[in-house]
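J.: Fold the following and give me the result.
(chains A and B)
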Amino acid sequence: MFGMQWDKVIAHVDMDAFYASIEIRDDPSLAGKPVVVGGSADGRGVVSAASYEARVFGVRSAMPMSRALRLCPDLVALPGSLRKYSAVSKEIMEILGRYSPSVQPLSLDEAFLDLTGMELALGTPEEIGPAIRAEIKEQTRLTASVGIAPVKFVAKIASDYDKPDGLTIVPPGGVQDFLEPLTIDKLWGVGPRMQEALQQFGIRTVGDIARRSPEFMAQKFGQHGQHLLRLARGEDARGVVSHWDAKSYSHEETFAKDQGDVETLESVLLDQALRVARRLRRDDVAGRVINLKLRYPPFVTLTRRTTIDERTNDADRIFDVVRKLFHAEWNGKPVRLLGVGVSGIGEEYGGTLDLFDPEPLRQRRDALTDTVHDLEDRFGRGKITRAGALRKRSVRDTGTMNDKPTDPE
Amino acid sequence: MKFSLVQSELYRCLALVAGVVPSRSNIQGLGSVRVEATSDGLLSFMGTDLDTFLVTNARGTVEEAGVVTVPARRFLEIVKELPSDVVEVKSTSSGISLKSGQGRFRLVGTDPEEFPAAPEISEESIFSIQGDHLDRMIRRTIYAVTTDFTRAELTAVFVKAEGGELRFVATDGHRLARASHPGEYPDWGGILIPPKALSLVQKQIPEATESISLSTSKRYCLFNLGNSRLYTRLLDGNYPPVEDVIPKDNNINAVVNRELLISSLRRVSVISESTTKQIKLSLLADAVQLSGQAQNVGEAEESLPATYSGDEFHIGYNATYLLDLLRTMDSDEVTLSFKLPTTAGVFTPVIENGDPDLLCLVMPLRLPGTEGAGSEVATSARG
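T.: Next comes the predicted model:
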């Protein structure tokens, strides 16, 4: 063995300007141009992804599209196709699945992999890293940046270190040296506020934190301070949580125009229930806590939850419950955001069957749902759905790209 | 108003009424008890949470008729601590004064005019039943009422008369209990009585042998319980067609001792997954076998003598559901009847010469192998 032993090997794979890169790949005339994917400027559209050419102008994701266009008048703004990106994402996650049974997707374009103990089968981190990047590039013609470290959050920082199209490996003995010069905003949990507060004590780099005493950090910043100190010293016990262990499944959407029509809103809830159920079923899990999220403009957000008597991953049951929560809560005024979530997750089996939902009937409905899901997988979302979820298309067609699954973490 | 009554009787009345009165309420006067004295010596105490009204009567010495409303709990607390003597209650300009032995108390009340009136229901009874029988019908069904508000129509006990029998039915969608009381009851629609009212009824049943009658209006029903009357708002909604979901063709039958089954279930369920309480019930030749298994906990298996001669049969259950229903039976033996591991099992008490007056249905747990993919991961817990 050379150097220090790897206790854990964690990789973070982050696709470079994912949505924009896919668009450029599929339309070579866009190459070299500032490209963004996002909602339209006249709605409430925001930038979902920006090519590196666009970033030169200061365009960033999550920025309002109108502002992006002011910064870069020549910007090529595309509406994007979540369906296409999902399909590419699936390809990438499949590739990652070949390297590790433990893959934790954070969104469509990034994931953690636990590569611990893979040396014999796949090689050292120095061999696996390039292999993953090469395979993604070969199969999807897209570039990924990869960070590999013995600590989870360090792997994430490392993937960003040499982005785009980079590979950064931080070996066990090198974690301190790697973190030391980084500015504190690279640490998870340090936002602008925290950054300002830390700077008041002359703390500008991760190394500055690492040199402080636990007593100092606890006294000035409480528990969070102690947590930051542990991170700064390269201590992060969190492991890779593959989708199996995810604690919550949810789906939410911000509407381009506030919606006040009850049938439209119910249709949105049904569509979201279908999506959440689909992800639960794909993972063979079910949940007992049904969550509703509701936002009135501008930012009044309500969340309501209820616990049902048995775990479910049945879209009809989820919809039934969430619709009741909605009607108990809704004041009849236009709504800006709706979301459906299921938590209290456990294995699908072990629930007592429902008397009023005979097993043969339930199995037939399950089979139908699975068939619909298969068709969606093959032909894309929106090609087939419940009649009840159709009305919502009018919402989606003008919708923003904020319509993506929320992550469990 | 002025009356006197012995402490024990006054305490009994107030304690009953306090059971209905909400402990916290935004509505003025709702935490109060309304006390009315009439010149013929009748004292009536009423409390409500607007869904349920309870009126209970006592006989005292009335010197002056009248009505007052005073905070129920405070009144109760004072009376509870009084010596067992005669208590004199008198209205004052602001409420009441109490006199007992050396003690003098004044309680500020509210305006009796603002106290909600009990619903009007004709006294004509729909049916009557002996107190202990009513108590048993309630006990045998109330546990199965769902607490899941998203299934609103199941949050009550369904009461009806059919085929000469009075029937109480409750279900939470996973189990169902149907208690019957034979008689000559004419067929009669069906009403949904909230469980809260029924447990209040249970507490008020005066004597086991006394007859209790029920009358209804469109939105309320009234239990006439001797000295007390309990009005309750009925739940609005359509009860699902329960008779349709009770299997008629379960042909795998076994008979087993009820007490043995209960104690065995209690032991075996100690070793089951804590959330699902899953146990496996197997019918073997002349035996019922129970087994439990939990990861990192251990395994359990017990066999009980039973009357059974068919093929081996295995079904998964939540042990808590089985214990709940077995405890509501009084018989020595219980009949278990099944058809498939995925359909409802029916449990009935074995009654000599006569039909069982109770039917308990429980849905099984979903076992791996009862449908397609995805069961691999789940098998470890069930063997």
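J.: Test my guess that residue A:22 contacts residue A:85.
T.: Yes: using C-beta atoms under 8 Å, residue A:22 is in contact with residue A:85, at 6.2 Å. Quick note: C-beta positions are derived from backbone N, CA and C, even for glycine.
J.: The two: who's more crowded?
T.: residue A:22 (25 against 22; other C-beta atoms under 10 Å in any protein chain shown).
J.: Which strands and helices lie in contact with the helix or strand containing residue A:49?
T.: Element membership of residue A:49, judged by DSSP states H and E, is strand A:47-50. Packing partners of strand A:47-50 (3 or more C-beta pairs under 8 Å, 6 or more residues apart in numbering or on different chains; DSSP states H and E): helix A:18-26, strand A:35-38, helix A:65-71.
J.: residues making contact with the second one?
T.: For strand A:35-38, the surrounding residues in contact (C-beta atoms under 8 Å, 6 or more residues apart in numbering or on different chains) are A:19-20, A:23-24, A:45-51, A:53-54, A:59, A:65, A:68, A:75-80, A:400-401.
J.: What ranges in the chain fall below the confidence cut-off?
T.: This is for chain A. For chain A, applying pLDDT under 70 flags the ranges A:1-4, A:43, A:239, A:241-247, A:347-350, A:377-409.
J.: look at chain B instead
T.: In chain B (pLDDT under 70), the answer is B:24-29, B:367-383.
J.: Correct me if wrong: residue B:343 contacts residue B:249.
T.: No: under the criterion of C-beta under 8 Å, residue B:343 is not in contact with residue B:249, lying 9.6 Å apart.
J.: Compare the two (neighbour count), which wins?
T.: residue B:343 (20 against 7).
J.: what does the domain assignment say about the chain?
T.: With no chain named, the answer covers chain A. A:10-16+A:83-176, A:18-81, A:186-232, A:244-394 (automatic domain parsing).
J.: ah, I was thinking of chain B
T.: According to automatic domain parsing, the domains of chain B span B:2-114, B:126-239, B:244-382.
J.: Same list (those domains) but as CSV, adding distance to residue A:41.
T.: Output for the domains of chain B, formatted as CSV (distance: least, C-beta to C-beta, whole Å):
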stretch, distance to residue A:41
domain B:2-114, 48
domain B:126-239, 41
domain B:244-382, 45
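J.: closest to residue A:255 out of those domains?
T.: domain B:126-239 (25.6 Å; C-beta to C-beta).
J.: can the closest one be found next to chain A?
T.: Yes: interface with chain A: domain B:126-239 contributes B:146-150, B:171-176 (C-beta under 8 Å from any C-beta of the partner chain).
J.: what about the one residue in the stretch 101-250 of chain B that gets nearest to chain A, distance to residue A:312?
T.: Proximity of the stretch 101-250 of chain B to chain A (C-beta to the nearest C-beta) peaks at residue B:174, 4.3 Å away. According to C-beta to C-beta, to the nearest Å, residue B:174 and residue A:312 sit 12 Å apart.
J.: And for residue A:226?
T.: 39 Å.
J.: how about the helices in the stretch 1-150 of chain A?
T.: Ranges of helices in the stretch 1-150 of chain A, per DSSP state H, counting those that start in this stretch, are A:18-26, A:52-55, A:65-71, A:82-99, A:119-122, A:125-140.
J.: cool, and chain B?
T.: B:7-18, B:72-81, B:131-141, B:195-204, B:242-245, B:258-268, B:319-326 (DSSP state H).
J.: Compute the inter-axis angle for the last one and helix B:131-141.
T.: Our comparison of helix B:319-326 with helix B:131-141, counting by axes from the mean of the first three to the mean of the last three C-alpha atoms, to 10 degrees, yields an angle of 160 degrees.
J.: Checking helix B:319-326 against chain A, do any of its residues make contact.
T.: Yes: counting by C-beta under 8 Å from any C-beta, chain A is contacted by helix B:319-326 at residue B:321.
J.: Could you do stretch B:292-311 as well?
T.: No: residues of stretch B:292-311 are not located near chain A by C-beta under 8 Å from any C-beta, the shortest gap being 11.3 Å.
J.: Could you pull out the buried residues of that stretch?
T.: Buried residues in stretch B:292-311, counted by 16 or more other C-beta atoms under 10 Å in any protein chain shown: B:292-294, B:300, B:302, B:304, B:306, B:308.
J.: from the residues you listed, which two are the most distant?
T.: B:294 and B:308 (26.9 Å).
J.: which residues sit in contact with the residue nearest to the spatial centre of chain B?
T.: Nearest to the geometric centre of chain B sits residue B:142, at 3.7 Å (C-alpha atoms, centre = their mean). Residue B:142 is in contact with B:157, B:170, B:195, B:198-199, counting by C-beta under 8 Å, 6+ apart.
J.: now that we have these, which one has the most neighbours?
T.: residue B:170 (28 neighbours).
J.: which ones are touching that one?
T.: Contact analysis of residue B:170 by C-beta under 8 Å, 6+ apart lists B:141-145, B:154, B:156-158, B:176-177, B:195.
J.: Pick the one among those residues closest to residue A:273.
T.: Comparing those against residue A:273 with C-beta to C-beta places residue B:154 closest, at 21.2 Å.
J.: For residue A:170, the count of nearby residues, please.
T.: 23.
J.: Quick check: bridge partners of the closest residue to it other than its chain neighbours?
T.: Counting by C-beta to C-beta, 6 or more residues apart in numbering or on different chains, the nearest residue to residue A:170 once its immediate chain neighbours are dropped is residue A:149, at 4.1 Å. Residues in a beta bridge with residue A:149, per DSSP bridges, are residue A:10.
J.: In contact with residue A:149: list those residues for me.
T.: Contacts of residue A:149 (C-beta under 8 Å, 6+ apart): A:10, A:155, A:158, A:169-170, A:175, A:178.
J.: What separation do you get for it and residue B:200?
T.: 64 Å.
J.: burial count for residue 106?
T.: Unless you meant another one, I'm taking chain A. Applying other C-beta under 10 Å, I find that residue A:106 has 15 neighbouring residues.
J.: sorry, should have said chain B
T.: Count around residue B:106 with other C-beta under 10 Å applied: 12.
J.: Any idea what the nearest residue to it once chain neighbours are set aside is bridged to?
T.: Closest residue in space to residue B:106, ignoring its immediate chain neighbours: residue B:97 at 4.9 Å, by C-beta to C-beta, 6+ apart. Under DSSP bridges, the beta-bridge partners of residue B:97 are residue B:90, residue B:106.
J.: check contacts around residue B:97.
T.: B:89-90, B:104-107.
J.: sorry, back to before: which stretch among the helices and strands packed on strand A:47-50 is buried most, on average?
T.: Mean neighbour count (mean count of other C-beta atoms under 10 Å in any protein chain shown) peaks for strand A:35-38 among those, with a mean of 27.
J.: Name every strand pairing with it and say which way it goes.
T.: Counting by DSSP bridges, strand A:35-38 is paired with strand A:47-50 (antiparallel), strand A:76-78 (parallel).
J.: These: which one's closest to residue A:343?
T.: So among those, strand A:47-50 is nearest, using C-beta to C-beta, at 26.0 Å.
J.: Show me what counts as buried in the helix or strand containing residue A:302.
T.: When elements are assigned from DSSP H and E, residue A:302 belongs to strand A:300-312. Neighbour-count burial for strand A:300-312 flags A:305-306, A:308-312 (criterion: 16+ other C-beta under 10 Å).
J.: Alright, that wraps it up for me.
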